[in-house]
Each structure stands twice: as structure tokens, then as C-alpha cells.
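Engineer: Make a model of this:
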Amino acid sequence: MREWLGLTTEDRSLAVTTISFDIAGLEIWLPLLVGARLVVANREEAADGERLRQQIDQHGITFLQSTPVTWRLLLDAGWKRKI
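Structural biologist: Coordinates of the predicted model:
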């Protein structure tokens with residue numbers, strides 16, 4: 001996954017899933033293994049699209065892995081993908 005996603009030390013990842021969810025392993029360990037910065041959202045932030053959008057902007061997040069529900073929260077909060 002490291003090679004496929006291309007994460008580097010320059011990336012900033014936002015972890016939004018609970019530790020008991022299977023994708024949390026990749027979401028937490030991959031950024032740490034490549035030396036990227038990991039920002040962990042708390043439960044309230046992860047459930048609020050506006051607060052998530054603020055976290056993305058504030059920390060310059062370049063990688064986010066999540067469920068469709070979280071992506072919908074972000075889109076409803078006005079998040080736009082920056083290229």
C-alpha cells in the first residue's frame with residue numbers, strides 16, 4: 001500500500017475511524033511507517049463534517065481514508081478537493 005498510495009514524509013494524514021475498525025490499521029500505521037505526519041481526529045470531529053473540513057485545512061491534510069458516510073459529511077460541509 002505504501003508504494004501504491006505513494007505516501008512520503010511530506011504527507012499529512014488525518015485518522016478519523018475508531019481503532020476497532022479494520023481500516024484503522026492502514027490509516028494509522030502507514031503514515032507512521034513512511035514518516036508522514038499523523039493527525040488523529042477525536043470522536044466529535046470525526047462525526048462533524050465542518051470540524052473535519054477545518055482539520056483538513058488547518059493541518060494541510062494530504063491523505064484521508066474513510067467511509068462513504070464521512071466523505072458525504074465533508075461534501076455537505078462544503079469541502080472541495082484541492083489538487
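Engineer: where does the protein dip in pLDDT?
Structural biologist: 83 (pLDDT under 70).
Engineer: Helices of that one, start to end?
Structural biologist: For the chain, helices defined by DSSP state H occupy the ranges 2-5, 24-34, 43-46, 49-59, 68-76.
Engineer: So which of those is nearest residue 11?
Structural biologist: Residue 11 sits nearest to helix 24-34 of all the helices of the chain, at 6.7 Å, using Cβ to Cβ. C-beta: built from backbone N, CA, C; applies to glycine.
Engineer: Show me what counts as buried in the closest one.
Structural biologist: 26, 27, 28, 30, 31, 34 (16 or more other Cβ atoms under 10 Å).
Engineer: which among these gets closest to residue 44?
Structural biologist: Closest approach to residue 44 among these (Cβ to Cβ): residue 27, at 18.0 Å.
Engineer: would you turn the buried residues of helix 24-34 into CSV with distance to residue 66?
Structural biologist: Shown next, in CSV, are those (distance: Cβ to Cβ, whole Å):
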residue, distance to residue 66
26, 11
27, 8
28, 13
30, 14
31, 14
34, 19
